[in-house]
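In: got a predicted structure plus its sequence, pasted below:
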Amino acid sequence: MATTALPQTGPYHRSRSAWIYSWLTTTDHKRIGAMYVVTAFGFFLIGGIFALFIRSELAVPGLQFLSEDLYNQLFSLHAITMIFLFVMPMTTGIANFIVPLQIGAADMAFPRINALGFWLIPPAGLLIMSSFAFGGAPTGWTMYAPLSEVTPSRGIDLLLLGLILLGTSSILGAINFLVTIFKLRAPGMTLLRMPMFVWTMMVTSVLLLFAVPVLTAGLIMLFIDRNYGGGFFDPAQGGNPILWQHVFWFFGHPEVYVLILPAFGIVSEIVPVFSRKPLFGYRAFVLATASIGALGFTVWAHHMFTTGAVFLPFFSFFTFLIAVPTGIKMFNWLATMWGGKIKFDTPMLFACGFIALFLIGGLDGAFLAVVPFDFMVQDTYWVVSHIHYVLVAGAVFGIFASLYYWFPKMTGRQLNERLGKLNFWLLFIGTNVAFFPQHLLGLDGMVRRIADYSPNAGWTELNFLSTIGAFIIGASILPFLWNVFTTLRRPADAPDDPWDGYTLEWATSSPPPPYNFDVLPQIRSERPLFDLKHPEYAAHGAVAAPVFAPVPDSAALAAVPGSPAIAAGPETAPAAGTPTDSHGDKPA
């Protein structure tokens, strides 16, 4: 009898080109999130190099390295790079990876639109950076008219086109996040059981959805003025330059909260976990977050006090008022830590650094709500110090906290703690050395956006100290880069839940599978994993409905004694006729 031997096959090895193609065409939210993070960090390094050139020029009086025109181009693109190409894409990338995991979803609501949102960023960055080759954009990041209209540089047109692409990406991402959060939450996860990071990303998306179209319209109007004879901002044609300031700052001040609210959410995830306590005043925190989103659109004109074109008492009052919900958050974080068993691992250090330094940025911003004081320090280095304490001490510290906290979940590897703490202390010291002296420079009258100053002004020592701080900040990035490089070369041996976390992303493997979850725990509160591990403390009165997932294997969670897990598979479907709410929850 004839027989046929089966061919012996060896292990499948995917070629490098196939691996690259899989990343370029992916719609997996985790891969897209990782690409956002890597791309944004690359632009962070570029923007940081611009900052070092700026501070080197200002270290001592006189023009040392840069012409005045090149200096103007550098400080303009430094701000645009850090805001539009680093902080916004970075927080979007982190949220892309984490938000679906935290709400128990398999992916974002619109995976292809998610990919499109990312792939608009590299060409936008290329357009913005290529402005250097076409005369630059020496207009400041605010691009005030009429300067931005009469400057005959094609680099400004490239900058406008790049920002329009970035605005389109932000709008697509905001819609995607809102639909994902409202429609793809796991059964049992009501709005008031969502993690705070999800809440802050939801409010951030609402801000983007209302603010970015206004800026995009203004950018298009400015492009028309420059190239097609429009007269929106040209007084000679009946336009109004102050209109540009209204358009820009109606976006620009909500944009501050777009940059900082994700960091609020990150810190609100980290502080309870490393304090071994629930977040103090969860509902008050939710209300404060929503209040910041609403009040963010009432304060834009405090940037325009000196124009004489705005009603000063109204905008001064609301500028003070918006400090109230932020103060609630500060109190809640401190109350969460009070009496807790605090572990000062690297994520917690960055979270504490954020709280301490953002407090300074908030307080020196409150000074600017006082109209006479604002008149005195308008366009001085006080304003530079304020915005850097908010964005460097705020957004950047929050971003580093999230990278150290979620790096094990993203890669299956845990960053080195010793290098992480070196990274923190260098960044913490450098931030204060660089930016605190700028308060004093502002009070002494040094205006911003100048490449040179008089040696007799008495500003040399403080400027030199600020430059030293900037280079310490630059040095602080080196331990982080080395940490990431050496960690990624090690085997993926981090545990699935290295921090003993509270939220759903820690209920799956590290890194998660393509479908995210085999099983999900019952969701009874905003801390479902704590409820799973400690059922004796779990919230009562809420019974979660079954969850469907591709693999009906509940061993991962069933290993925890006394922990009911929601098994995956059609056999767990609720009985026909069982009443449920809009998220599939059975009534208590």
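Out: Received the coordinates, thanks. Residues are numbered from 1 along each chain as shown.
In: now for the protein, the helix or strand with the poorest mean pLDDT.
Out: For the chain, using mean pLDDT, DSSP states H and E, the weakest element among its helices and strands is helix 555-558, scoring a mean of 42.
In: how about low-confidence regions in this protein?
Out: Within the chain, the segments meeting pLDDT under 70 span 1-14, 538-588.
In: grab the most central residue of it for me.
Out: With the centre of the chain defined as its mean C-alpha position, the nearest residue by CA atoms, centre = their mean is Thr91, 2.9 Å away.
In: got the contact list for that one?
Out: Applying CB atoms under 8 Å, 6 or more residues apart in numbering, we find Thr91 in contact with 204, 259, 262-263, 395, 399. In short, each C-beta sits where N, CA and C put it, glycine included.
In: how about 7 Å then?
Out: With contacts defined as CB atoms under 7 Å, 6 or more residues apart in numbering, the neighbours of Thr91 are 262, 399.
In: burial count for the closest residue to Gly458 other than its chain neighbours?
Out: Closest residue to Gly458 apart from its sequence neighbours, by CB to CB, 6 or more residues apart in numbering: Asp444 at 6.9 Å. By the criterion of other CB atoms under 10 Å, Asp444 has 14 neighbours.
In: dihedrals phi and psi, Asp444?
Out: Phi and psi for Asp444, reported as degrees, to the nearest 10, are phi -90, psi 0.
In: how much space separates it from Ile156?
Out: 33 Å (CB to CB, to the nearest Å).
In: and Pro408, by the same measure?
Out: Distance of Pro408 to Ile156, computed by CB to CB: 44 Å.
In: Pro61 is in contact with Pro455, correct?
Out: Yes. With contact defined as CB atoms under 7 Å, Pro455 and Pro61 form a contacting pair (4.1 Å).
In: and Thr190, how many neighbours?
Out: Residue crowding around Thr190 was assessed by other CB under 10 Å; the count is 15.
In: show me what secondary structure element comes after whichever strand or helix holds the residue nearest to the centre of the chain.
Out: Using DSSP states H and E, Thr91 sits in helix 88-102. The element immediately downstream of helix 88-102 (helix or strand, assigned by DSSP H and E) is helix 111-119.
In: go ahead and confirm Tyr399 touches Met88.
Out: Not Tyr; residue 399 is Ile. No. Taking contact to mean CB under 7 Å, the distance of 11.1 Å between Ile399 and Met88 leaves them out of contact.
In: alpha carbons of stretch 60-70, as PDB, please.
Out: Only the C-alpha atoms of stretch 60-70 are listed here, as PDB (Å, rounded to 0.1, in the frame of the first residue of the first chain):
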ATOM      1  CA  VAL A  60      25.000  86.200  28.200                       C
ATOM      2  CA  PRO A  61      24.400  89.500  26.500                       C
ATOM      3  CA  GLY A  62      25.200  89.900  22.800                       C
ATOM      4  CA  LEU A  63      24.500  87.700  19.800                       C
ATOM      5  CA  GLN A  64      26.600  84.600  20.200                       C
ATOM      6  CA  PHE A  65      25.400  81.900  17.800                       C
ATOM      7  CA  LEU A  66      22.200  82.900  16.100                       C
ATOM      8  CA  SER A  67      21.000  85.800  14.000                       C
ATOM      9  CA  GLU A  68      17.900  87.600  15.200                       C
ATOM     10  CA  ASP A  69      15.900  86.200  12.300                       C
ATOM     11  CA  LEU A  70      17.000  82.600  13.000                       C
END
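In: mind listing what's buried along that stretch?
Out: The neighbour-count criterion (16 or more other CB atoms under 10 Å) identifies 66, 70 as the buried residues of stretch 60-70.
In: what does stretch 437-456 give?
Out: For stretch 437-456, the neighbour count (16+ other CB under 10 Å) marks 437-442, 446, 448, 451, 453 as buried.
In: and that stretch, how far apart are its ends?
Out: Distance across stretch 437-456, first residue to last, is 18 Å (CA to CA, to the nearest Å).
In: which residues are contacting that stretch?
Out: Taking CB under 7 Å, 6+ apart as the criterion, the residues outside stretch 437-456 that touch it are 57, 61-63, 66, 68, 71, 75, 140, 364, 377, 379-385, 458-459, 462, 465-466.
In: how close does Phe517 sit to Gly104?
Out: If you measure Phe517 against Gly104 using CB to CB, the figure is 7 Å.
In: can you map out the helices along the stretch 451-588 of the chain?
Out: All helices of the stretch 451-588 of the chain, identified by DSSP state H, counting those that start in this stretch, fall at 460-488, 528-533, 555-558.
In: list the helices and strands the second one packs on?
Out: Using 3 or more CB pairs under 7 Å, 6 or more residues apart in numbering; DSSP states H and E as the contact definition, the elements that helix 528-533 packs against are strand 520-521.
In: direction included, what does the strand it packs on pair up with?
Out: strand 565-566 (antiparallel) (DSSP bridges).
In: out of the helices of the stretch 451-588 of the chain, which is the most enclosed?
Out: For the helices of the stretch 451-588 of the chain, ranked by mean neighbour count under the definition mean count of other CB atoms under 10 Å, the leader is helix 528-533 at a mean of 23.
In: gap between that one and the chain center?
Out: 27 Å (CA atoms, centre = their mean, to the nearest Å).
In: let's see that helix as CSV, backbone CA atoms only.
Out: Coordinates of each C-alpha in helix 528-533 appear next as CSV, following Å, rounded to 0.1, in the frame of the first residue of the first chain:
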residue,chain,number,x,y,z
PRO,A,528,-12.7,46.6,39.5
LEU,A,529,-9.4,44.9,40.1
PHE,A,530,-9.3,45.8,43.7
ASP,A,531,-12.9,44.4,44.1
LEU,A,532,-11.7,41.2,42.4
LYS,A,533,-8.7,40.8,44.7
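In: in this structure Asp225 contacts Gln237, no?
Out: No. Counting by CB under 7 Å, Asp225 does not reach Gln237; the two are 8.6 Å apart.
In: outline the domain layout of this structure.
Out: Using automatic domain parsing, the domain parsing of the chain gives 25-488, 518-588.
In: and the longest one, end to end?
Out: Looking at domain 25-488, the gap from its leading to its trailing residue is 23 Å under the measure CA to CA.
In: what of stretch 178-198?
Out: For stretch 178-198, the first-to-last residue distance is 10 Å (CA to CA).
In: counting neighbours, which bits of that stretch end up buried?
Out: If you call a residue buried by 16+ other CB under 10 Å, then stretch 178-198 has these buried ones: 178, 180-181, 184-189, 193-198.
In: quick one on the thing from earlier: what's the overlap in contacts for Asp225 and Gln237?
Out: Between them, Asp225 and Gln237 share the contacting residues Gly231, judged by CB under 7 Å, 6+ apart.
In: higher neighbour count, these two?
Out: For Asp225 versus Gln237, the count of surrounding residues by other CB under 10 Å is larger for Asp225: 21 against 11.
In: quick check: that one vs Gly252, distance?
Out: Separation of Asp225 from Gly252 (CB to CB) stands at 19 Å.
In: if we can go back for a sec, what's the spacing between the residue nearest to the centre of the chain and Ile54?
Out: 24 Å.
In: got it, and Ile181?
Out: Remark: distance between Ile181 and Ile54 (CB to CB) = 39 Å.
In: same thing with Tyr404?
Out: Taking CB to CB as the measure, Tyr404 falls 28 Å from Ile54.
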